[in-house]
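Enquirer: here is my input, please return the structure:
(one chain, ligands or ions: 1)
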Amino acid sequence: EKEGYQHFMIKEINEQPKGVSETLMRRLDKEDHIVLDGIELTKEDLTHINKIYIVACGTAYHAGLVGRYLIEKFAKIPVEVDISSEFRYRDPFVDENTLFIAISQSGETLDTLAALREAKRKGARILSVVNVVGSSVARESHDVFYTWAGPEIAVASTKAYTTQLIAMYLIALHMAKTTDVICDEYYQKVIGELKILPEKIERILGDIDRIQHLADAQFNNESVFFMGRGVDVNVAHEGSLKLKEISYINSFAIAAGELKHGTIALIEDGTLVVALATQDRLYEKMLSNIQEVRARGAYVVAVAKEGNKEIEKTADVVLYIPDTMDELTPVLSAVPLQLFAYFIAVARGCDVDKPKNLAKSVTVE
Ligand code: F6R
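Expert: As a prediction, the model looks like this:
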């Protein structure tokens, strides 16, 4: 079943070009119009929606964070992202003008299902992004967007995440196009770039030795922290979760602008910092954050766009992703972080596919 791979996780990491491509291409017609089968969001529907909640757990929540950025940027509708177990107990303001988006690989996560039911009871329109066909979340939603990741066996989610991101691009672009808030040229540009992401992921996967060497040198760290700005911080959270869940290293993620507000106190000689610096718009700010931690002795692994040679002067190691628009980097930058977590866990002799204390689908509170 592992088709020659040592673990399901690495097999599934390698299946991402296919999953991303399937999730995307099945929704584009010959003219690159988005066709969302099973989703009935008309212009009329969308004009009534004045608020969107995206609700999920774990990795799916991290995909939701990117979803917020995309919907606000492309479709100009305010979005709040919440963790399912918080949303369901906090009496959020939800009415008939609310769109509730649940994201769940399994479609069986109890807290997400309960949050969905609560929102539905209050009159919200329910759209879900689900990988498992016919699962509870899918069945109880008004509209369903199926990711085409294929079965995900490893407990740590990888291909489900990148396909959830593609779902968010398509949903956000579809909303933007339906309500005419996005210009054609920009829409075409984003779609064009989305279509070449699978080959760009392929390129990252074709050059994993560097990441493996880095992991082999860094696996002994007992804590790691991730930082980024803009959409990079969302990916930083996912990179950190991936690492902690399979390698048991104490890791966390922060918005780089928050460094000075506390976390910088932790930096000492040799502290491992993973800095995402893929956003052209925020690059200078990020560079100074990298300098700040390096000045205090941190060992910095940066994730940057190919062609950015300058960052090599500041970071200790640079993991490159192929160049793309700032809006699209998460689908690429997630991949080196997955590989980094994977090789570190392997180097530490961990049970990668079945981390201790974790279950693939959390159907209890
Ligand atoms: C992390 C991981 C979990 C799940 C979370 C939600 O790698 O797998 O954090 O993302 O339990 O599960 P689903 O998406 O099935 O609702």
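
Enquirer: wait, what's in contact with the residue of the stretch 51-200 of the chain found nearest the ligand?
Expert: Taking CB to the nearest ligand atom as the measure, the point where the stretch 51-200 of the chain comes nearest the ligand is Gly58, at 1.9 Å. In this view, the C-beta of every residue, glycine as well, is placed from N, C-alpha and C. Residues in contact with Gly58, defined by CB atoms under 8 Å, 6 or more residues apart in numbering, are Ser157, Leu241.

Enquirer: now it: how far from Tyr169?
Expert: 20 Å (CB to CB, to the nearest Å).

Enquirer: and Ser361, what's its pLDDT?
Expert: On pLDDT, Ser361 comes in at 83.

Enquirer: that one and Thr109 touch, don't they?
Expert: Yes - contact criterion CB atoms under 8 Å: Ser361 and Thr109 qualify, at 6.5 Å.

Enquirer: who has more neighbours out of these two?
Expert: Between Ser361 and Thr109, Thr109 has the larger neighbour count (other CB atoms under 10 Å), namely 26 against 14.

Enquirer: what's the neighbour count on Val273?
Expert: 25.

Enquirer: what residues are up against it?
Expert: Per CB under 8 Å, 6+ apart, neighbours of Val273: Val224, Phe225, Phe226, Met227, Ile267, Ile290, Val293, Ala298, Tyr299, Val300, Val301.

Enquirer: mind checking the SS state of the last one?
Expert: Under DSSP: H, G, I helix; E, B strand; the rest coil, the three-state class of Val301 is strand.

Enquirer: one more: the second one?
Expert: At Phe225, secondary structure determined by three-state DSSP is strand.

Enquirer: show the pLDDT at it.
Expert: 96.

Enquirer: identify the bridge partners of it.
Expert: Note on Phe225: beta-bridge partners by DSSP bridges are Phe252, Val273.

Enquirer: check contacts around Glu202.
Expert: Pro17.

Enquirer: for Glu80, same thing?
Expert: Lys51, Ile52, Tyr53, Ile54, Arg68, Pro92.

Enquirer: switch to 10 Å and redo it
Expert: Glu80 sits next to Lys51, Ile52, Tyr53, Ile54, Val55, Gly64, Arg68, Phe87, Pro92, Phe93, Thr98 when contact means CB atoms under 10 Å, 6 or more residues apart in numbering.

Enquirer: surely Ile54 and Ile103 touch.
Expert: Yes - contact criterion CB atoms under 10 Å: Ile54 and Ile103 qualify, at 6.6 Å.

Enquirer: between those two, who's got more neighbours?
Expert: Neighbours were counted for Ile54 and for Ile103 using other CB under 10 Å; Ile103 has more, 34 against 27.

Enquirer: wait, isn't the more buried one in contact with Val144?
Expert: No - using CB under 10 Å, Ile103 is not in contact with Val144; the gap is 11.5 Å.

Enquirer: intersection of neighbour lists for these two?
Expert: Counting by CB under 10 Å, 6+ apart, the residues touching both Ile103 and Val144 are Leu127, Ser128, Val129, Val130, Val137.

Enquirer: which non-adjacent residue is nearest the last one?
Expert: Just to be clear, that refers to Val137. Distances taken as CB to CB, 6 or more residues apart in numbering place Gly107 nearest to Val137, at 4.0 Å, with adjacent residues excluded.

Enquirer: what about the one you found, how many residues close to it?
Expert: Neighbour tally, Gly107, other CB under 10 Å: 26.

Enquirer: same check, this time on the one 4 residues further on
Expert: One way to gauge burial is a neighbour count; for Asp111, by other CB under 10 Å, it gives 22.

Enquirer: confirm it sits in a helix?
Expert: Yes - counting by three-state DSSP, Asp111 is found in a helix.
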